[in-house]
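A.B. asks: here is my input; please provide its structure:
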Amino acid sequence: MKITSRQLGVGLLVAALVVSVLSLAVGPAQTTWDILWQIRLPRVGLGFVVGMALAAAGVILQSLLRNPLADAYLLGTSSGASLGVLLASLLHFKNILGIQCFAFACALATMLIVYRLARIGTRIPVATLILAGVTVSTFINAIVFLVFSLFYRESFSAIFFLLGSLANATPGMAISATVVIIPTVLVACRYRRALDVLSQGDETAQMLGVHPERIKRLFFVLSSLIVAAAVTASGMIGFVGLIVPHLLRLILGPGHRRLLPASAITGGVLLMAMDAVARTAAAPSEIPVGVVAALFGTPFFIYLLRRHKGGAL
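C.D. replies: Here you go, the predicted structure:
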């Protein structure tokens, strides 16, 4: 049975409303107006936009690299953003805008380094780009651990954050992340047809009037921006950007006209649900939502691998 765009939109809207209401209602503390307005609502809203950012970035990078395992971690974007957040905390930045600027600058710098390393003439071979991304990401992660070792007292508070958590969500943080992520995802959706063309190869894209390198640069910047905003707000949360595009591709097919916006909304719904589990499963203690995402995401990804064994995901 083929799912129409209207059915898809209505289904995703209903899912988002149901999960958001349930997420607002559950928690280790009794629900009061102050808790609902000051703590749970910003946290649920932040979870939605962060999940949206991670899933959208996963779709973009998987399409650009023509690699089903690509996500924000593969090219070092999230590692660069995490380094920016850590440096901002060491410099005692308290303003969320300043932290976001640090995160975006480091994420974009990481992407530029990877881009330069992988570039051969005017082309950027996909295999070379992936190798460069993995190498740079490993190096940046080593720097992060070095900073932890040298500045243990100053950076200890960032450990829980980098595991992935929405516990420190505030109304200002939720608004700041929303202002960055929503418009950026909308811009990506505006050019989503170009992703369909690029998936057919650079030569085909040029024949169809699309400048492949220009479009790649645009999407690399967009993905860096939304990943930086997500990491600044919630730390490093894996598997959302990897699993959601695969799941939606099985249902909707590879076309990005529906895949990109549907993945973004589904990512938001999924992260809201995971965060509700993270703050209630071991109450009054809290599990980092990044840990919950890994615990749920790993078995599901193994299931996908086994289901498609011998074929493409």
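A.B. asks: only C-alpha atoms from now on, for both contacts and neighbour counts.
C.D. replies: Will do.
A.B. asks: so how far is His92 from the residue nearest the centre of the chain?
C.D. replies: Centroid-nearest residue in the chain, with Cα atoms, centre = their mean: Leu54, separated by 1.7 Å. Going from Leu54 to His92 by Cα to Cα, to the nearest Å gives 27 Å.
A.B. asks: tell me the SS of Gly164?
C.D. replies: When classified by DSSP: H, G, I helix; E, B strand; the rest coil, Gly164 comes out as coil.
A.B. asks: who touches it in this structure?
C.D. replies: Ser234, Gly235, Met236, Ile237, Pro288, Val289, Gly290, Val291 (Cα atoms under 8 Å, 6 or more residues apart in numbering).
A.B. asks: rerun that using 7 Å as the cut-off
C.D. replies: Gly164 makes contacts with Ser234, Gly235, Met236, Ile237, Pro288, Val289, Gly290, as judged by Cα atoms under 7 Å, 6 or more residues apart in numbering.
A.B. asks: so the first one sits against Ser165, correct?
C.D. replies: Same thing as Ser234. Yes - taking contacts as Cα atoms under 7 Å, Ser234 lies within contact range of Ser165: 5.2 Å.
A.B. asks: got any ranges where the protein has weak pLDDT?
C.D. replies: Residues of the chain that meet the criterion pLDDT under 70 lie in 1-2, 27-32, 96, 122, 124, 153-162, 202, 208, 304-305, 307-313.
A.B. asks: go with 50
C.D. replies: 311-312 (pLDDT under 50).
A.B. asks: farthest residue from the center of it?
C.D. replies: Met207 (31.9 Å).
A.B. asks: how close does that one sit to Leu65?
C.D. replies: Met207 sits 19 Å away from Leu65, taking Cα to Cα as the criterion.
A.B. asks: repeat for Gln38
C.D. replies: As judged by Cα to Cα, Gln38 and Leu65 stand 41 Å apart.
A.B. asks: give me the more crowded residue out of those two.
C.D. replies: Shown here are Gln38 and Leu65; by other Cα atoms under 10 Å, Leu65 has more neighbours (20 against 13).
A.B. asks: what about the closest residue to that one other than its chain neighbours, how many neighbours?
C.D. replies: Excluding the flanking residues, the one nearest Leu65 by Cα to Cα, 6 or more residues apart in numbering is Val126, at 5.5 Å. Using other Cα under 10 Å, Val126 has 15 other residues around it.
A.B. asks: pretty sure Val134 is touching Leu75, no?
C.D. replies: Yes - with contacts counted by Cα under 7 Å, Val134 reaches Leu75, the gap being 6.0 Å.
A.B. asks: these two: which has the busier surroundings?
C.D. replies: More crowded of Val134 and Leu75, by other Cα under 10 Å: Leu75, with 27 against 16.
A.B. asks: can you tell me the closest non-neighbouring residue to that one?
C.D. replies: Nearest one to Leu75, counting by Cα to Cα, 6+ apart, is Gly133 at 3.8 Å.
A.B. asks: for the helix or strand where that neighbour lies, which positions count as buried?
C.D. replies: Assigned by DSSP states H and E, Gly133 belongs to helix 126-150. Judged by neighbour count (16 or more other Cα atoms under 10 Å), helix 126-150 contains these buried residues: 129-134, 136-138, 140-141, 144, 147-148.
A.B. asks: output the residues you listed as a markdown table; include the columns distance to Thr178.
C.D. replies: Formatted as a markdown table, these follow (distance: Cα to Cα, whole Å):
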| residue | distance to Thr178 |
| --- | --- |
| Leu129 | 30 |
| Ile130 | 29 |
| Leu131 | 32 |
| Ala132 | 31 |
| Gly133 | 27 |
| Val134 | 29 |
| Val136 | 29 |
| Ser137 | 26 |
| Thr138 | 29 |
| Ile140 | 27 |
| Asn141 | 27 |
| Val144 | 27 |
| Val147 | 30 |
| Phe148 | 30 |
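A.B. asks: and which of these is nearest to Thr298?
C.D. replies: Val134 (19.9 Å; Cα to Cα).
A.B. asks: contacting residues for the closest one?
C.D. replies: Leu74, Leu75, Gly76.
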